[in-house]
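Asks: Predicted model, plus sequence, below.
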Amino acid sequence: MFGKPGAIAISPNKEMIAVSGLLPDTSVNILNLKTGETVGSIWDIPNAYNVDQLQFSPDGKFIYIRSVYLRQSFSLHCSHNGVDVNFALHTIEQDRTYLHATKIYEKNDCVTTSPRESFRFTDNNNFFLSTQVDMGPELSTLVNLDDPSDVQEYQNGVLYDISSNGKVHAIRDSQGDALSTTLIDAESGTLIMTIPYKVKLLNDEKRFLVRGNSYSPVEWGLWEDGAVKCYFSDLLSLSFDGQFSANNEVFITYNYKSPREISVWDVSSCLVINVINLAE
């Protein structure tokens, strides 16, 4: 009826599983993965919203929740105080009997279609969120998880991606030129390189995904040691929407030619190594 499936995430230590409800105004329940017992619930979600994305931090102490307002048409829902999509970050604290979650960051937006967004928990304990919504500017946020009050925001796509080790920032110029990216050392601020591509960073400045011209169908490719090594056939989306494995060696995407299938890609070869049929 609502066209959205809900979301699921497994904690890195494989002890907990987070599951969102299929309907709006239902909680995110966190269960013990072995016993199936509910150990906590997160109700701090906007009214009439459905959670469609969940992700634990690598240490399992935080959880990212994206929720959307579900409507039957593409007419603009937002009033002066209304929003269509909510991005939130919660801490997770476990006592002897129950798990408690507290919201430490949220961002709201008004959109007419699905929001484009990327996020990452970095190895140096930061949370990065980059959002682009219709009828609004691009906004990037960096939250220091050691001190959640330390929040840095960047508008207009100046900072749009961070490597998983937290050491490299991808910078686009203030005019939003998608054909030029500057890689910066995050600690010193020094220039690493400038390349004529949009990037999706992996773990360092030597290996990452690239995409060229914004206005024509150009496939994503793998940059390695100073050059494009190979291309991912038919992976054309301007905003990279795949999900990576923890070691950045594999990612999955929906198969746009067959919506009921998920493609599993090997990063090193740019090849599909498996196709999962969701209808089976």
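Replies: Thanks, I have the structure now.
Asks: gap between the two ends of stretch 23-34?
Replies: 26 Å (C-alpha to C-alpha, to the nearest Å).
Asks: got it, and stretch 242-259?
Replies: Start and end residues of stretch 242-259 are separated by 14 Å (C-alpha to C-alpha).
Asks: Now for L159: which residues touch it?
Replies: S130, S140, L142, H169, A170, I171 (C-beta atoms under 8 Å, 6 or more residues apart in numbering). (Each C-beta comes from the backbone N, C-alpha and C, glycine too.)
Asks: so the first one bridges to which residues?
Replies: According to DSSP bridges, S118, S140 are recorded as the beta-bridge partners of S130.
Asks: correct me, but it touches S140?
Replies: Yes: the pair S130 / S140 is scored as a contact, 4.4 Å apart, by C-beta atoms under 8 Å.
Asks: quick one: low-confidence parts of this protein?
Replies: 1-5, 70-83, 110-116, 132-137, 156-157, 173-178, 213-217, 279-280 (pLDDT under 70).
Asks: Let me see the ranges of the helices in it.
Replies: Under the criterion DSSP state H, the chain carries no helices.
Asks: ok so, going back, what do S130 and S140 both touch?
Replies: L159, Y160.
Asks: rewinding a little: with the contacts of L159 in mind, which one is nearest to K200?
Replies: A170 (8.6 Å; C-beta to C-beta).
Asks: Distance check, that closest one against Y160.
Replies: 6 Å (C-beta to C-beta, to the nearest Å).
Asks: Chain neighbours aside, what residue packs nearest to R207?
Replies: Leaving aside its sequence neighbours, R207 sits nearest to E224 (C-beta to C-beta, 6 or more residues apart in numbering; 5.0 Å).
Asks: residues contacting G40?
Replies: By C-beta under 8 Å, 6+ apart, the neighbours of G40 are N29, I30, I92, Q94, Y98, L99, H100, A101.
Asks: Next: V51.
Replies: V51 neighbours (C-beta under 8 Å, 6+ apart): G6, A7, S20, G21, V28, I45, I65, R66, S67.
Asks: Would you mind listing which of the residues you listed are buried?
Replies: Neighbour-count burial (16 or more other C-beta atoms under 10 Å) applied to the contacts of V51 gives G6, A7, S20, V28, I45, I65, R66, S67.
Asks: So the first one sits against A18, correct?
Replies: Yep, that's G6 we're talking about. No: assessed by C-beta under 8 Å, G6 is found out of contact with A18, at 10.7 Å.
Asks: what separates V39 from N29, distance-wise?
Replies: V39 is 9 Å from N29, by C-beta to C-beta.
Asks: Just give me the closest of the contacts of V51 to K206.
Replies: Closest approach to K206 among the contacts of V51 (C-beta to C-beta): R66, at 30.9 Å.
Asks: what's the closest non-adjacent residue to the closest one?
Replies: Nearest one to R66, counting by C-beta to C-beta, 6+ apart, is Q53 at 3.8 Å.
Asks: okay, now the one you found: neighbour count?
Replies: 18 (other C-beta atoms under 10 Å).
Asks: so what's it up against?
Replies: A7, Y64, I65, R66.
Asks: Report the two of the residues you listed separated the most.
Replies: So, these by C-beta to C-beta: farthest apart are A7 and Y64, at 10.4 Å.
Asks: What's opposite V168 in the beta bridge?
Replies: D185.
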